[in-house]
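# this is the structure alone, sequence omitted:
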């Protein structure tokens with residue numbers, strides 16, 4: 001592709017994945033946001049919860065000054081606490097929903113236009129009840145978001161490997177998204193290249209059926225051999241030993257998104273790295289390697 005990548009997308013990274021020290025809503029949050037805001041490669045950034053309100057206010061100021069598109073991932077609110085948005089225990093479900101509602105207001109404070117989350121674990125015997133709980137929670141979240149002019153996105157995770165989320169396979173994600181969209185048009189799907197191998201699907205298989213429902217994308221890598229390091233939803237860097245998403249996969253991913261019209265010049269969407277340093281890897285080095293990898297893939301598109 002000869003045209004600039006920025007003509008077709010807003011490039012970002014998930015701050016709490018690139019710099020996992022801030023995933024729990026604490027740690028060097030301001031330093032991390034400042035570092036990314038000063039990097040001209042990024043025109044978008046994805047943040048998450050910031051527990052301290054004074055730190056959050058300073059972060060909001062930094063983000064506003066940066067001119068970057070801000071996204072908000074509420075996944076850490078659920079994954080680090082064990083809360084489940086489709087829990088069959090009504091008290092636990094409401095706790096999870098309340099946390100996401102708080103996240104929505106926090107996202108608004110930070111300048112984000114929406115919030116992303118994931119469905120929770122489930123038991124096969126009570127799958128339908130869990131689905132009903134998920135629909136109920138999501139509609140309530142969408143209702144609040146709609147009142148505030150914001151969007152809600154469900155990220156499609158694996159259903160039998162690591163996160164074991166209720167809405168994993170693309171066909172089930174599509175069914176769910178269509179049901180929510182019937183009532184709330186501020187809902188969409190967030191897909192992640194690193195999750196495709198974990199849901200046992202190919203690139204076109206994961207994109208084409210939901211092409212009109214996708215509102216946001218992540219790119220990353222995965223290891224699917226349980227005998228190897230970083231197996232599961234660990235988001236290792238591109239080129240990690242035993243990983244399955246290489247240059248060929250990323251090129252095909254980008255081409256497919258171009259062909260479906262998701263990547264476009266009229267309203268460029270956000271595409272972010274979801275890559276996490278493994279063990280003692282240096283976050284800055286891993287992030288720079290991601291940039292090189294994407295630049296080369298774009299050249300080959």
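That came through fine. Please read all numbers here as calculations on a predicted model, not as lab measurements. Numbers count the residues shown, from 1 in each chain.
# what about the strands in the stretch 201-301 of the chain?
214-219, 270-273 (DSSP state E, counting those that start in this stretch).
# number of nearby residues for residue 143?
13 (other C-beta atoms under 10 Å). Every C-beta, even on glycine, is put in place using the N, C-alpha and C of the backbone.
# in what helix or strand does it lie?
Using DSSP states H and E, residue 143 falls within helix 127-147.
# mean confidence for that helix?
If you average the pLDDT over helix 127-147, you get 98.
# what of stretch 287-301?
On average, stretch 287-301 scores 97.
# neighbouring contacts of it?
For stretch 287-301, contacts defined as C-beta atoms under 8 Å, 6 or more residues apart in numbering pick out 1, 5, 11, 13, 18, 41, 219, 237-239, 247, 250-251, 254-255, 258, 273, 275.
# narrow the residues you listed to those in helices?
Of the contacts of stretch 287-301, the ones assigned to helices by DSSP state H are 18, 247, 250-251, 254-255, 258.
# so residue 50, which state does it fall into?
Secondary structure, DSSP: H, G, I helix; E, B strand; the rest coil: residue 50 is coil.
# tell me the contacts of it?
25, 29, 56, 59, 106, 110.
# could you rerun that using 6 Å?
By C-beta atoms under 6 Å, 6 or more residues apart in numbering, residue 50 lies in contact with 25, 29, 56, 59.
# out of the residues you listed, who's nearest residue 132?
Checking the contacts of residue 50 against residue 132 with C-beta to C-beta, the nearest one is residue 25 at 30.1 Å.
# so who does residue 59 touch?
Counted by C-beta under 6 Å, 6+ apart, residue 59 has contacts 33, 50.
# got it, and the one 4 residues further on?
Taking C-beta under 6 Å, 6+ apart as the contact definition, residue 63 lies against 70, 110-111.
# next up, identify which helix or strand it is on.
Here residue 63 is assigned to helix 53-66, by DSSP H and E.
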